[in-house]
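[1] sequence first, predicted model second:
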Amino acid sequence: MNSIDFLRGARYYLKMARSRLSSRDDLYPTDYLFRFLIEKNLVPFPQGSDEGFDEYRDLLYEHYDHGPFWSSIHPEDERLLYNVSAAFKSRSAFIAGSYYGYFAIWAMKGIAERGGTCTLSDVNPRVCDLARENFSRLGFGDHTRVCCEDAVSLFSKRKEPIDLLLLDAVGAWNDPRPEYRGKVIYYPILQGAIPLLEKGSVVVMHNMRPNYFPQLIDLLESIGGVGLCCDSHNGLGLYVIS
Ligand SMILES: C[S@@+](CC[C@H](N)C(=O)[O-])C[C@H]1O[C@@H](n2cnc3c(N)ncnc32)[C@H](O)[C@@H]1O
């Protein structure tokens, strides 16, 4: 084992250990969130959503190029997005704050197999370039649009409904619009996406612990959103528009 492999392995096991912290009832966040939605009959294809996950993970751990960037996406985040894409048969996804694509890529196997499309939106051209490069190299180029543009302005030009919306943007702390700073940006992004969400659309949120941002949850519930945020390391949230 060379030193790169060793560091990669150490990073993986550290992430695995952290991913379990604070999950409810000793369940992993994905199982906790899915259990809640399955009980409400809101997961259309719950069976076998983990299928193919281990092979896909091996592929991405081996071949995803992180360039000079660092991602806070850990194994449970990866598994949640893979499972959501499989269990909801997503075909038309939108990633708000896609960074260099490392979170989005976990939805891509299913989206590509179904002939769907994923739009990646980020305002930073450097991360968009790396996302584009990775997605093409891994064979998802025809199923991806990488848009180096503000998510809200993209929604205003878009007509096609979104069946999977991922909120993971972080607005600049000095943005002249206070509602666009930090994670508070999720609110205007969700507001902009509302006309494109339909019954059955799924909203996944990163860094959203319970009670962290009640106004966002109120907005989700006002459009029929049913779901939970999880008190896990990265505060995963999953809502379905009912
Ligand atoms: C730091 S990333 C999230 C990181 C991610 N959790 C990970 O570790 O992979 C947040 C991204 O949101 C992007 N962003 C900020 N404002 C945005 C906006 N209005 N629309 C789309 N993306 C935006 C930033 O450029 C940044 O790349």
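    Arrived safely, thanks for sending. Residues are numbered from 1 along each chain as shown.
[2] in the protein, where is pLDDT below threshold?
    Along the chain, segments meeting pLDDT under 70 span 1-25.
[3] go again with 90.
    1-27, 47-49, 74, 209-212, 231-234 (pLDDT under 90).
[4] contact residues of it facing the ligand?
    71-73, 96-97, 99, 102-103, 121-124, 127, 150-151, 168-171, 185, 206 (Cβ under 6 Å from any ligand atom). (Glycine included, C-beta is placed from N, CA and C.)
[5] gap between stretch 48-63 and the chain center?
    16 Å (Cα atoms, centre = their mean, to the nearest Å).
[6] list the buried residues for that stretch?
    49, 53, 56-57, 60 (16 or more other Cβ atoms under 10 Å).
[7] residues contacting whatever helix or strand residue 32 lives in, please?
    Assigning secondary structure by DSSP states H and E places residue 32 in helix 29-39. Outside helix 29-39, the residues that touch it by Cβ atoms under 8 Å, 6 or more residues apart in numbering are 19, 23-25, 27, 43, 46, 49, 76, 79-80, 83, 87, 226-228, 230, 232, 236-238, 240.
[8] may I have that helix exported as CSV, CA atoms only?
    Output of helix 29-39 as CSV, limited to C-alpha atoms (Å, rounded to 0.1, in the frame of the first residue of the first chain):
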residue,chain,number,x,y,z
PRO,A,29,-29.4,8.7,8.6
THR,A,30,-30.5,7.2,5.3
ASP,A,31,-32.4,4.4,7.1
TYR,A,32,-33.9,6.8,9.6
LEU,A,33,-35.2,9.2,6.9
PHE,A,34,-36.4,6.4,4.6
ARG,A,35,-38.2,4.6,7.5
PHE,A,36,-40.2,7.8,8.2
LEU,A,37,-41.2,8.3,4.6
ILE,A,38,-41.9,4.6,3.9
GLU,A,39,-44.3,4.6,6.9
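[9] so which bits of that helix are buried?
    Buried-residue list, helix 29-39, by 16+ other Cβ under 10 Å: 29-37.
[10] likewise for stretch 103-122?
    So stretch 103-122, judged by 16+ other Cβ under 10 Å, has buried residues 103-112, 116-122.
[11] list the contacts of the residue of the chain found nearest the ligand.
    Nearest residue of the chain to the ligand (Cβ to the nearest ligand atom) works out as residue 97 at 3.0 Å. With contact set as Cβ under 8 Å, 6+ apart, residue 97 has these partners: 121-122, 151, 167-170, 185, 189.
[12] then residue 229?
    Per Cβ under 8 Å, 6+ apart, neighbours of residue 229: 205, 208-210, 212, 217, 235-237.
[13] before we move on, back to that, which element follows the helix holding residue 32 toward the C-terminus?
    Next element after helix 29-39 (DSSP H and E): helix 53-63.
[14] return the alpha-carbon coordinates of that following helix using CSV.
    Extracted C-alpha coordinates of helix 53-63, given in CSV (Å, rounded to 0.1, in the frame of the first residue of the first chain):
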residue,chain,number,x,y,z
PHE,A,53,-24.0,0.9,-4.3
ASP,A,54,-20.8,-0.9,-3.2
GLU,A,55,-19.6,-1.3,-6.8
TYR,A,56,-20.4,2.3,-7.7
ARG,A,57,-18.6,3.5,-4.5
ASP,A,58,-15.5,1.6,-5.5
LEU,A,59,-15.6,3.2,-8.9
LEU,A,60,-16.0,6.7,-7.6
TYR,A,61,-13.4,6.3,-4.8
GLU,A,62,-11.0,5.2,-7.4
HIS,A,63,-11.7,7.6,-10.2
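[15] what helices or strands is it leaning on?
    Here helix 53-63 touches helix 75-87, helix 105-113, going by 3 or more Cβ pairs under 8 Å, 6 or more residues apart in numbering; DSSP states H and E.
[16] fine, thanks again, bye for now.
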